[in-house]
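Asks: how would this look folded up:
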Amino acid sequence: MLGEEETLKLLERAKAGDGEAKECLLVHNTSLLKSILKRYLGKGVEYDDLFQLASMGFLKAIAGFDASFGVRFSTYAVPMIAGEIKRFLRDDGSVKVSRAMKKTAREMNRYIEAYSAAHGRQPSVKELAEKFGLDEGEVVFTLGSSRMPVSIYEQTDYKDDKSVTLAEKLPAKDNQDEMIEKMVLRQAIGNLPEREKKIVFLRYFRDMTQSEVAKAVGVSQVQISRIESRIMAQFKQDLSG
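Replies: The predicted model follows:
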């Protein structure tokens with residue numbers, strides 16, 4: 001991923017019509033696009049088509065971004081990319097946002113208002129996840145499930161929310177890139193064979209040594225080392241796209 005300063009320079013050139021700058025931004029953000037589109041695999045749309053949709057959303061983010069928004073470009077781009085994919089899936093009839101998810105989104109917005117009034121600040125994504133018993137990534141997508149706005153400064157469309165923009169609801173301290181990485185890692189771990197899942201759990205969640213894990217699993221320490229190296233290499237590949 002590009003640094004923030006370099007990204008802003010390329011965005012300025014891209015918005016002025018520089019095709020090479022657009023291409024550079026797209027290439028260096030490919031891992032971000034892939035991390036988002038993976039959530040929509042298995043919905044009846046081919047991977048290549050999902051990537052094209054994600055790219056269209058990314059280009060729309062370039063066109064609509066303004067440095068005066070006061071947010072990182074990646075934070076602005078994520079809902080634009082996801083929104084482009086979700087709009088296609090909804091229009092194509094492949095995916096319908098459930099009433100339960102819409103209901104949860106409304107409840108979250110009411111909770112955000114009540115929490116803000118009581119504490120003088122908005123709840124973080126982590127606090128919302130704990131309150132509603134969801135993963136942090138699920139909170140982000142639930143809040144955007146009923147409508148993906150074109151601009152984070154556009155007003156929301158809930159009846160009691162006419163004066164509130166999405167930008168005002170975005171928790172300032174939450175790291176969007178970190179949440180995306182957690183989503184990718186969670187999926188990567190879920191795809192591992194049971195024995196390898198156990199090794200990851202014992203090594204990184206129970207802090208056991210390779211020798212201790214080897215005894216628990218019933219293999220040699222050398223085998224554990226090789227398996228662990230292979231798993232870590234796969235995780236790095238998944239994160240880099």
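Asks: what segments of this protein are strands?
Replies: Here the chain has no strands by DSSP state E.
Asks: pretty sure Ser116 contacts Arg110?
Replies: No: counting by C-beta atoms under 8 Å, Ser116 does not reach Arg110; the two are 10.9 Å apart. Where you see a C-beta, it was placed from the backbone N, CA and C, and this is true even at glycine.
Asks: can you list contacts of stretch 219-231?
Replies: 192, 196, 199-200, 203, 210-211, 213-214, 217 (C-beta atoms under 8 Å, 6 or more residues apart in numbering).
Asks: domains for the chain, by residue range?
Replies: 4-92, 99-174, 192-240 (automatic domain parsing).
Asks: okay, those in CSV with mean pLDDT next?
Replies: Converted to CSV, these look like this (pLDDT from 0 to 100):
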stretch, mean pLDDT
domain 4-92, 87
domain 99-174, 66
domain 192-240, 79
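Asks: would you turn those into a markdown table with mean neighbour count?
Replies: Output for those, formatted as a markdown table (neighbours: other C-beta atoms under 10 Å):
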| stretch | mean neighbour count |
| --- | --- |
| domain 4-92 | 17 |
| domain 99-174 | 15 |
| domain 192-240 | 14 |
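Asks: for the nearest residue to Gln221 once chain neighbours are set aside, what are its contacts?
Replies: Of all residues not flanking Gln221 in the chain, Ala214 sits nearest, at 4.5 Å (C-beta to C-beta, 6 or more residues apart in numbering). Taking C-beta under 8 Å, 6+ apart, we find Ala214 in contact with 220-221, 223-224.
Asks: show me the helices in this structure, by range?
Replies: Remark: helices assigned in the chain by DSSP state H are 4-15, 19-28, 30-37, 47-64, 73-92, 99-119, 125-132, 136-143, 166-169, 176-190, 194-204, 210-217, 221-240.
Asks: which helices and strands does the third one pack with?
Replies: When contacts are defined as 3 or more C-beta pairs under 8 Å, 6 or more residues apart in numbering; DSSP states H and E, helix 30-37 sits against helix 47-64, helix 73-92, helix 176-190, helix 221-240.
Asks: 6 Å instead?
Replies: Other elements packing on helix 30-37 under the criterion 3 or more C-beta pairs under 6 Å, 6 or more residues apart in numbering; DSSP states H and E are helix 47-64.
Asks: packing partners for the helix it packs on?
Replies: Against helix 47-64 (3+ C-beta pairs under 6 Å, 6+ apart) you get helix 30-37, helix 73-92.
Asks: now the angle from the first one to helix 73-92?
Replies: Helix 30-37 and helix 73-92 are oriented at 40 degrees to each other (axes from the mean of the first three to the mean of the last three C-alpha atoms, to 10 degrees).
Asks: export helix 30-37 as CSV, just CAs?
Replies: Provided in CSV are the C-alpha atoms of helix 30-37 (Å, rounded to 0.1, in the frame of the first residue of the first chain):
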residue,chain,number,x,y,z
THR,A,30,-5.3,-4.4,-5.3
SER,A,31,-5.0,-6.2,-1.9
LEU,A,32,-7.7,-3.9,-0.4
LEU,A,33,-10.1,-4.6,-3.3
LYS,A,34,-9.5,-8.4,-3.0
SER,A,35,-10.0,-8.3,0.8
ILE,A,36,-13.4,-6.7,0.3
LEU,A,37,-14.6,-8.8,-2.6
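Asks: next, the angle from it to helix 221-240.
Replies: 90 degrees.
Asks: same check, this time on the last one
Replies: For helix 73-92 against helix 221-240, the angle between stretch directions is 80 degrees (the same axes, to 10 degrees).
Asks: okay, the angle between helix 73-92 and helix 19-28?
Replies: Helix 73-92 runs at 80 degrees relative to helix 19-28, counting by the same axes, to 10 degrees.
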